[in-house]
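Engineer: take this sequence and fold it.
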Amino acid sequence: MSAEVQESSGGKRSKSKQKKMNVRVDFTPMVDMNMLLITFFMLCTTLSQPQTMEISMPSNEKDLTKDQLTEVKASQALTLLLGPENKLYYYEGEPNYTDYTSLKETTYGADGLRNILLRKNAAAVNEVRALKQQKLELKITDADYKKRVTEIKGGKDTPTIIIKATDDASYKNLIDALDEMQICNIGKYVITDIVDADRFLMQNYDAKGALSQGSTE
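Structural biologist: Numbering: from 1, shown residues only. Reported below is the predicted structural model:
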């Protein structure tokens, strides 16, 4: 950066000598400095990686009978019903549409849905935590860690989460539910359409069983 000072006198007509200073600042070196800084940060900064979510669907075991598959799915399934006004309902296994108490209500907070998922997926969560500790101690590589975590999440004894959202559920509710899948190491979950029987179950739950079974038709 440089500055030039130009002096000029007022001429013969001026009784007192007055000096005028014209300052011109040269910013050309600043351009080079900015380019160097931009290049430095581009080379030294790690670009953000796109974050994706793994979705492992239940495997189709051909060597099992249909009744065995249904039994496994029912024992490991957890269905989430996303209702209006940030309401969240759930039931485990097969629902009993004649008994509104088979439906439970929880919240999207850490003391609600997260606790349920951690309890349902306790074995896998403990295994992933142990692997993470081994990774921190440099006992396994990052590639091995990711491979083994994927295998744990997709294991036969891990739960399958079925997410059903009503038309009145917000997009944020769905995102919050999907975030909990990642936090709780849920590897098998699916988003599917809600059926009329599930809508009735929610309405009957809110009405404390006052609705008749004929409302499902």
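
Engineer: okay, CA-based contacts and neighbour counts for the rest of this
Structural biologist: Will do.

Engineer: and residue 152, how many neighbours?
Structural biologist: 20 (other C-alpha atoms under 10 Å).

Engineer: same question, the one 4 residues further on
Structural biologist: Each residue near residue 156 was counted by other C-alpha under 10 Å, and the total is 13.

Engineer: for it, helix, strand, or coil?
Structural biologist: coil (DSSP: H, G, I helix; E, B strand; the rest coil).

Engineer: cool, and residue 80?
Structural biologist: strand.

Engineer: what does residue 118 give?
Structural biologist: helix.

Engineer: OK, contacts around it?
Structural biologist: 125, 184 (C-alpha atoms under 8 Å, 6 or more residues apart in numbering).

Engineer: for the lengthiest helix in the chain, C-alpha coordinates in PDB please.
Structural biologist: The residue-count maximum for a helix in the chain (DSSP state H) belongs to helix 28-44. The C-alpha atoms that make up helix 28-44 are tabulated as PDB, following Å, rounded to 0.1, in the frame of the first residue of the first chain:
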ATOM      1  CA  THR A  28      -3.400  -2.900  -5.800                       C
ATOM      2  CA  PRO A  29      -1.300  -4.900  -3.200                       C
ATOM      3  CA  MET A  30      -4.500  -5.600  -1.200                       C
ATOM      4  CA  VAL A  31      -6.000  -7.500  -4.100                       C
ATOM      5  CA  ASP A  32      -3.000  -9.800  -4.200                       C
ATOM      6  CA  MET A  33      -3.200 -10.300  -0.500                       C
ATOM      7  CA  ASN A  34      -6.900 -11.200  -0.600                       C
ATOM      8  CA  MET A  35      -6.300 -13.700  -3.300                       C
ATOM      9  CA  LEU A  36      -3.500 -15.300  -1.300                       C
ATOM     10  CA  LEU A  37      -5.800 -15.500   1.800                       C
ATOM     11  CA  ILE A  38      -8.700 -17.000  -0.200                       C
ATOM     12  CA  THR A  39      -6.300 -19.600  -1.700                       C
ATOM     13  CA  PHE A  40      -5.000 -20.400   1.700                       C
ATOM     14  CA  PHE A  41      -8.400 -21.000   3.300                       C
ATOM     15  CA  MET A  42      -9.600 -23.100   0.300                       C
ATOM     16  CA  LEU A  43      -6.600 -25.400   0.700                       C
ATOM     17  CA  CYS A  44      -6.700 -25.600   4.500                       C
END
